[in-house]
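Peer 1: Sequence and predicted model, in that order:
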Amino acid sequence: MNIIVCVKQTFDSEARILLDPKGLIDESAVKFIVNPYEEYAVEEAIVLTEKNGGQVTVVSASCQDPSQALRQCLAMGAGRAVWLDCGQADFADSHIYAEALGKWLNTQDYDLIFCGKEAIDDGMSELPSRLAEILDLPQVNTVSSVSIEDGKTTVRRDIEEGCEVIELNLPCLLSAQKGLNDPRYPSMRRILQAKKVRIERITLGDLGVSEEDRVPFVKIEEYLIPPARQGGRILNGTHQEAVAELLRELGDERRVI
């Protein structure tokens, strides 16, 4: 069984985000990690290949070098790592990443594709559905349980006040969410071994991605850092006066209502 996991390298959720003089995110002092939802996907892929045999390949479509995240996946137990270098694009969005991944996946032999349900840096949740459409694959998003038997996979996804159990033929595409498993911590031995594995690098030109498909659908106008949190304010006076002042504050100052 060949399982491919699409991973993204993201900022550590504990990282303090700063802007450089050009107004762009300063990445010099930021710690990068595997997007947490992809960690669940990698762990599930490894568990399935341990049970059924096969290999796990991790692939990342990115403008920046994702080696740190890919090597973490290798240390967990993936056998192969690929970087689809989208650096030829001024800015890449989910559309460009999906086109790159789709071109590459069409050259691969696979039984199952995993993604994370979303990336914690942008929260768009677009890539799994875009990729499934490009590859013409059945898909289920936000799965919390996966089993494979007789060329079919049965998955569970949690919904409001219950869950859905869905059976799909292989190959298919699944996106993982929290609760699917508990990702393993790589041993020091595996971490050292992962540093020696060659990461394959493939460009958009190598993949034959057209100039039209290198144009992002999304344009970032500006990055803004949220204002510093301020202390609470106590409203004095009678109940009526306090309520009136609160409504004025929410409407005129905070523009909540």
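Peer 2: Good, I have the coordinates. Numbers count the residues shown, from 1 in each chain.

Peer 1: ok, how many other residues are close to residue 148?
Peer 2: 17 (other C-beta atoms under 10 Å). C-beta here means a position set from N, CA and C on the backbone, and glycine is covered the same way.

Peer 1: so what's it up against?
Peer 2: Counting by C-beta atoms under 8 Å, 6 or more residues apart in numbering, residue 148 makes contact with 1, 48, 52, 112, 154, 170.

Peer 1: are any of those residues buried, and which?
Peer 2: Buried by 16 or more other C-beta atoms under 10 Å: 1, 48, 112, out of those.

Peer 1: what's the pLDDT at residue 32?
Peer 2: With respect to pLDDT, residue 32 scores 85.

Peer 1: is it true that it touches residue 9?
Peer 2: Yes. Using C-beta atoms under 8 Å, residue 32 makes contact with residue 9 at a distance of 5.0 Å.

Peer 1: Between the two, which contacts overlap?
Peer 2: Common neighbours of residue 32 and residue 9 (C-beta under 8 Å, 6+ apart) are 66, 68-69.

Peer 1: still on that earlier bit, please say which of residue 32 and residue 9 ends up with more neighbours.
Peer 2: Each of residue 32 and residue 9 has its neighbours counted (other C-beta under 10 Å); residue 9 has more, 22 against 18.

Peer 1: What is the burial count for residue 139?
Peer 2: Using other C-beta under 10 Å, the number of residues around residue 139 comes to 18.

Peer 1: coming back round to it: looking at the contacts of residue 148, which is nearest residue 218?
Peer 2: Nearest to residue 218 among the contacts of residue 148, counting by C-beta to C-beta, is residue 112 at 28.7 Å.

Peer 1: pLDDT weak spots in the stretch 51-200 of the chain?
Peer 2: For the stretch 51-200 of the chain, applying pLDDT under 70 flags the ranges 88-90.

Peer 1: any chance you could map the helices in it?
Peer 2: 67-76, 94-105, 127-135, 188-194 (DSSP state H, counting those that start in this stretch).

Peer 1: Give me the contact list for the shortest one.
Peer 2: Helix 188-194 is contacted from outside by 71-72, 74-77, 186, using C-beta under 8 Å, 6+ apart.

Peer 1: For these, which two are the farthest from each other?
Peer 2: Using C-beta to C-beta, the two most remote members of the contacts of helix 188-194 are 71 and 77, lying 12.3 Å apart.

Peer 1: out of those two, which sits in the more crowded spot?
Peer 2: Between residue 71 and residue 77, residue 71 has the larger neighbour count (other C-beta under 10 Å), namely 22 against 18.

Peer 1: residue contacts, that one?
Peer 2: Residues counted as contacts of residue 71 (C-beta under 8 Å, 6+ apart) are 81, 191, 194-195, 197, 199.

Peer 1: And for residue 8?
Peer 2: Each residue near residue 8 by C-beta under 8 Å, 6+ apart is listed here: 34-35, 38, 60, 62, 66, 69, 116, 119, 121.

Peer 1: do the same with residue 173
Peer 2: Residue 173 is in contact with 112-115, 128, 131-132, 135, 137-139, counting by C-beta under 8 Å, 6+ apart.

Peer 1: For stretch 86-105, give me every contacting residue.
Peer 2: So stretch 86-105 is contacted by 4, 6, 59, 61-64, 82, 84, 113, 124, 126-127, 130-131, 134-135, 202-205, 207-209, 213-214, 216-220 (C-beta under 8 Å, 6+ apart).
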